[in-house]
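J.: Just the structure for this:
(one chain, ligands or ions: 2)
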Amino acid sequence: MIPPAEPASSEILPSKKGLRQTEQRKAIFEALMAKADHPSAVDVFMRVKTRMPSISLATVYNCLDTLAASGLVRTVNHEREPSRFCANQQDHAHLFCTSCNSVTDLPLRNPVVPSEIWDLPEGVQIADQQVSFRGLCSACSEASAPRPRFQQSPPLPVQTSPDTNPTFQPQA
Ligand SMILES: [Zn+2]
Ligand SMILES: [Zn+2]
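T.: Numbers count the residues shown, from 1 in each chain. Ligands and ions are numbered 1, 2, ... in the order given. Reported below is the predicted structural model:
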């Protein structure tokens, strides 16, 4: 006997105690999983609206709050920008690109015990850690790479283009 196929959507949102799986929450979580670019609530709204035209921005805010409170979604805050959201469940840090404003997930190589890395004052209890870096993402760093600003070797002599080079004519 073939077991009845499970509806695909039941797998999308991991079950969490006390979290009701509404269609909106599923759609929002799915949108976050589909593209890990750390969208803002408005970005999520625009994405979910294409398949759920009746959804409101307020509902998206509420669902994101609920998902964040349940731990399924992380709120990513950077300076005074609007919160962005991340559904990556693995331990990771965030790289904020100062050039294109993107947020990239930096996965942890090894599991981390905070007290082994940070000098924690006595009595401090860590409930959650959010590590972030500022710098350039791969794309921006590549785009700005061929800048010989800190070249160690002496500057190259001015190159004349091949057209203006006197060509050597062998004497007949
Ligand atoms: Zn992230
Ligand atoms: Zn960038």
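J.: Can you pull the residues of the chain lying near ligand 2?
T.: 97, 99-100, 102, 137, 140 (CB under 5 Å from the ion). From N, CA and C alone the C-beta is placed, and that goes for glycine too.
J.: same for the one helix or strand residue 106 maps to, what does it pack against?
T.: Per DSSP states H and E: residue 106 is located in strand 103-107. Applying 3 or more CB pairs under 8 Å, 6 or more residues apart in numbering; DSSP states H and E, we find strand 103-107 packed against strand 84-86, strand 92-97.
J.: now with 6 Å?
T.: strand 92-97 (3 or more CB pairs under 6 Å, 6 or more residues apart in numbering; DSSP states H and E).
J.: ok, and for the strand it packs on, which residues are buried?
T.: Within strand 92-97, the residues scored as buried using 16 or more other CB atoms under 10 Å are 92, 94-97.
J.: and what of stretch 55-70?
T.: 55, 59-60, 63-64, 66-67.
J.: buried ones in the strand holding residue 106?
T.: Going by 16+ other CB under 10 Å, strand 103-107 has these buried residues: 103-104.
J.: That one - what's its average pLDDT?
T.: For strand 103-107, the mean pLDDT works out to 95.
J.: export the following helix or strand past that strand as CSV, just CAs?
T.: Using DSSP H and E, the helix or strand that follows strand 103-107 in sequence is helix 114-117. Only the C-alpha atoms of helix 114-117 are listed here, as CSV (Å, rounded to 0.1, in the frame of the first residue of the first chain):
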residue,chain,number,x,y,z
PRO,A,114,31.6,31.9,24.4
SER,A,115,33.8,31.8,27.5
GLU,A,116,36.6,30.2,25.5
ILE,A,117,36.6,33.1,23.1
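J.: Show residues contacting helix 114-117.
T.: 126, 129 (CB atoms under 6 Å, 6 or more residues apart in numbering).
J.: which residues sit in contact with the residue of the chain found nearest ligand 1?
T.: The minimum distance from the chain to ligand 1, using CB to the ion, falls at residue 86 (3.3 Å). Counting by CB under 6 Å, 6+ apart, residue 86 makes contact with 38, 74, 76.
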